[in-house]
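# Coordinates for the following, if possible.
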Amino acid sequence: MARAGEEGDLPRLTVAARALGLLAAEGTSLGFAGWAICAWDELVPYATHNKIAQSWRWSGLGAMAAGAALAAVLGALVVLGRTDRGLDLLSRIACRFAPLCLVGLLPLLFKWEIWVGRDLAFLVLASLFGLGLQGLMRVALSTPPVLGADLSKLRLWQRGALPILCWSGLPLTIACLAASLCAAYFGYYTVAYHHNVHTSGYDLGIETNLIWNAAHGGPLFRSTPLGGPMTHVGHHHTFFAYVIAPVFRLFPRPETLLVLQAIFMGASAIPLFLIARRRVGPPIACLVVCLLVLYPPLHGSVLYDFHYQPLSTFFVLMSLHLLEVRRNGWAALVILLTLSLREDIAALLAVLGLYLAVTGRRPRAGLGLAAAGLACFVVQKMIVMPHLHGGVSVFINRYEKLLPPGEREFGGVLRTVLANPAFAMHGLLEQVKYVLQIFAPLAFLPWRRPVGWLLFLPGFFFTLLATNYPALLEISFQYTAYWTPFVFLAAIDALAWIRRAERHGPSARVSSRAWLVAVTLSMLACSNQHGAIFQHNTSRSGYDAFEFGRTPEDDRRHHDLYALIAEIPPMASVVATERVIPHVASRPDAFNMRFGPYDAEYMLIGSPLRGDEKRPIRNLLEPGTFGIVEIRGAFALAKRGHSTDQNEALLELVGK
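As a prediction, this is how the structure comes out:
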């Protein structure tokens with residue numbers, strides 16, 4: 001469709017045909033949208049199995065035909081009624097309302113029930129919607145307004161009636177409010193999820209016990225849920241545990257870690273706002289923060305227990321902000337804290353340093369940061385940790401298919417990627433769904449500039465290369481944190497580049513506004529489907545559905561569990577099943593039932609049990625090693641050497 005102003009180069013009949021065709025498409029889309037809203041309760045079987053009453057089916061076709069016909073008739077009336085400039089007005093109306101061509105998809109995109117179990121289909125449709133909307137918005141915004149004078153008066157009235165819209169502090173205030181609400185929202189629901197006995201030994205139990213030992217002077221990275229006397233030192237280097245240990249010592253509960261994680265998640269919005277404000281201005285920076293709060297991969301990384309990767313979003317962004325404003329002392333402190341999170345976070349800082357060097361913002365500081373980050377990553381991940389783990393890189397099985405024959409170290413994976421890209425790229429074709437989940441919410445805006453591809457390196461290496469670990473390719477795990485800060489940085493850079501081009505013509509201003517509209521609606525659609533704010537039916541915590549809120553039954557279960565925990569001395573050693581370990585991990589020894597009781601004095605059992613927990617329980621109860629002290633609801637407490645009078649009753653419940 002030619003834009004207004006270009007019609008003089010075309011025959012009048014061609015211009016009329018294009019305008020009427022576009023109006024007909026808009027009318028068809030509006031007709032379908034109206035029908036879909038009326039048939040809201042019938043959309044799920046219709047969209048998933050093509051099942052609907054014939055009357056509804058024919059009414060849908062009729063609504064689309066009526067919309068097309070009405071738009072065409074109105075267009076014809078415009079031409080006939082304004083013979084002198086009717087054709088130009090018709091073309092401007094058609095172009096100005098071009099985005100209406102996609103309005104018919106909105107009822108489908110925002111009906112989450114349609115897409116349960118059909119994530120890839122939803123993501124493809126959402127991607128096409130976002131990209132199409134961006135193009136149609138450019139057509140609309142590059143067309144002179146139909147009622148330009150009236151709209152100018154309306155804008156002046158709004159400024160006079162709502163002076164708060166002109167307050168310079170409004171964007172920062174909204175950003176801080178969004179950050180606070182985000183932290184409070186996810187803090188409440190993750191604590192409630194833990195209260196309802198849904199968190200697990202892997203990983204909240206491990207981290208709770210590790211930080212308790214750190215706060216009480218235990219061995220470095222000791223965490224008994226890993227398996228008795230084992231320490232975490234060969235698995236991960238999480239020195240940040242010692243940073244938060246003083247807070248945990250004051251409040252020695254798993255809830256402390258969940259609240260801290262939610263606070264850092266919300267706080268990530270502040271450095272992101274400060275970075276975006278310098279590059280694209282306060283209003284757009286405020287919008288970017290709201291988009292971050294709605295970003296589904298960010299939600300998934302926080303809903304699953306406690307991990308250090310989600311904290312890295314705040315620290316990476318804050319490091320960048322402080323370096324850019326040349327607060328070198330504070331930047332050095334934040335960088336040290338960032339390095340303390342985990343060994344792999346050093347690689348994120350290395351990429352951040354390269355970004356500073358390539359963009360020219362702080363070349364020397366960037367190269368220094370890149371060298372320091374890369375050195376920390378190589379030394380910890382490829383030298384120290386394999387040495388402490390018997391000469392084998394931990395978790396190397398995640399990249400099994402990329403290892404050269406006979407090698408068992410992460411360096412072999414890197415050599416395959418660099419020296420045999422054809423082989424490495426083959427596996428990426430299987431990750432389409434995950435890639436769409438990362439980028440479709442932002443309508444692929446981060447792809448707009450080449451520097452974005454540099455920023456995607458951490459996500460590429462740590463997630464997309466996985467060949468034997470599905471969790472790395474699910475947005476319901478902590479690993480999305482390898483993407484989140486960099487995806488938003490790439491989006492900001494793309495917007496800044498587009499806005500800089502505004503100096504060379506009005507088309508860039510049109511482009512930036514079109515992208516903002518497309519990104520906003522794409523984020524709303526994707527967040528509604530896969531996020532945890534607009535609806536609570538599709539969110540996941542790890543591999544499990546995330547349950548929001550608390551019920552009287554949840555409160556009863558919690559009361560039963562803590563009545564049994566109250567009978568265990570605070571420093572006594574405990575062996576427990578997966579779901580109850582986090583609740584008793586604030587002590588020196590909290591063993592995992594799957595790995596054995598070791599010298600545990602007490603055994604705490606909670607149902608439902610994992611399949612690999614039943615046999616260990618029977619092995620401890622049948623010979624009378626442990627005797628049941630009390631059974632309360634779905635939970636049982638046993639003690640080493642206690643009377644076995646109640647053991648048989650529990651064995652019947654445990655089953656084979």
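
# Give the burial count for residue 547, as a bare number.
16 (other CB atoms under 10 Å). (Glycine included, C-beta is placed from N, CA and C.)

# show me the contacts for it.
By CB atoms under 8 Å, 6 or more residues apart in numbering, the contact set of residue 547 is 193, 196, 198.

# of all those, which comes closest to residue 214?
Within the set of those, residue 193 lies nearest residue 214; the separation is 24.3 Å, counting by CB to CB.

# For that closest one, list the residues it contacts.
Residues in contact with residue 193 (CB under 8 Å, 6+ apart) are 199, 303, 541, 546-548.

# change it to 7 Å
Listed by CB atoms under 7 Å, 6 or more residues apart in numbering, the contact set of residue 193 reads 199, 541, 546-547.

# most neighbours, which of these?
The residue in the contacts of residue 193 with the most neighbours, by other CB under 10 Å, is residue 199 (29 neighbours).

# In terms of helices and strands, where is it?
Of the helices and strands defined by DSSP states H and E, none includes residue 199.

# Excluding chain neighbours, what is closest to it?
Spatial nearest neighbour of residue 199, excluding adjacent residues (CB to CB, 6 or more residues apart in numbering): residue 582 at 4.8 Å.

# What is the burial count for the one you found?
Other residues near residue 582 come to 32 when the count uses other CB under 10 Å.

# Can you verify my assumption that it contacts residue 206?
No: Residue 582 lies out of contact with residue 206 (CB atoms under 7 Å); the separation is 9.0 Å.

# can you pull the contacts of the closest residue in space to residue 174 that isn't next to it in sequence?
Spatial nearest neighbour of residue 174, chain neighbours left out: residue 286 (5.0 Å); criterion: CB to CB, 6+ apart. Residue 286 makes contacts with 171, 174-175, 273, as judged by CB under 7 Å, 6+ apart.

# Show the average pLDDT along the helix or strand where residue 286 lies.
Using DSSP H and E, the element containing residue 286 is helix 282-294. Averaged over helix 282-294, pLDDT sits at 96.

# C-terminal to it, what's the next element?
Sequence-wise, the next helix or strand downstream of helix 282-294 (DSSP H and E) is helix 296-303.

# Give me the contacts around stretch 32-44.
Stretch 32-44 is touched from outside by 52, 56, 59-60, 63-64, 103-104, 106-108, 111, 113-114, with contacts defined as CB under 7 Å, 6+ apart.

# ok, 6 Å please
Stretch 32-44 has contacts (CB atoms under 6 Å, 6 or more residues apart in numbering) with 52, 56, 60, 63-64, 103-104, 107, 111, 113-114.

# Off-centre distance for it?
On the basis of CA atoms, centre = their mean, to the nearest Å, stretch 32-44 sits 30 Å off its chain's mean C-alpha point.

# how long is it from one end to the other?
Using CA to CA, to the nearest Å, one end of stretch 32-44 lies 15 Å from the other.

# quick one: average pLDDT of it?
pLDDT averaged over stretch 32-44 gives 94.

# Buried residues, that stretch. List them.
Buried positions in stretch 32-44, judged by neighbour count with 16 or more other CB atoms under 10 Å: 32-36, 39, 42-44.

# ok, back up a step: emit the PyMOL select command for whichever of the contacts of stretch 32-44 are buried.
In PyMOL syntax, the buried subset of these is picked out as below (16+ other CB under 10 Å):
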select buried, resi 52+60+63+64+103+104+107+111+114
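
# wait, which of the contacts of stretch 32-44 is closest to residue 498?
Nearest member of the contacts of stretch 32-44 to residue 498, counting by CB to CB, is residue 103, at 25.1 Å.

# That closest one: what's it in contact with?
By CB under 6 Å, 6+ apart, the contact set of residue 103 is 29, 33.

# Swap in 7 Å and give it another go.
Counting by CB under 7 Å, 6+ apart, residue 103 touches 29-30, 33.

# Sitting in helices, which of those do you find?
Counting by DSSP state H, the contacts of residue 103 place 29-30, 33 in helices.

# just to revisit the earlier point, need the contacts of residue 103 in TSV (columns: distance to residue 74).
Output for the contacts of residue 103, formatted as TSV (distance: CB to CB, whole Å):
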residue	distance to residue 74
29	15
30	12
33	17
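
# Tell me how many other residues surround residue 640.
Around residue 640 there are 16 residues (other CB under 10 Å).

# wouldn't it be in contact with residue 597 here?
No: Residue 640 lies out of contact with residue 597 (CB under 7 Å); the separation is 8.1 Å.

# follow-up on the earlier one: between the contacts of residue 193, which is closest to residue 613?
Nearest member of these to residue 613, counting by CB to CB, is residue 199, at 16.0 Å.

# Might you report the residue contacts of the closest one?
Counting by CB under 7 Å, 6+ apart, residue 199 has contacts 193, 254, 305, 582.

# Of the residues you listed, which belong to helices?
Using DSSP H, the subset of the contacts of residue 199 located in helices is 193, 254, 582.

# Low-confidence stretches in the stretch 251-400 of the chain?
The stretch 251-400 of the chain contains residues with pLDDT under 70 at 391, 394.

# where does the stretch 1-150 of the chain have low pLDDT?
1-9, 79-84, 147-150.

# now the helices for it?
Remark: helices assigned in the stretch 1-150 of the chain by DSSP state H, counting those that start in this stretch are 12-38, 43-49, 54-81, 86-96, 106-109, 119-141, 148-161.
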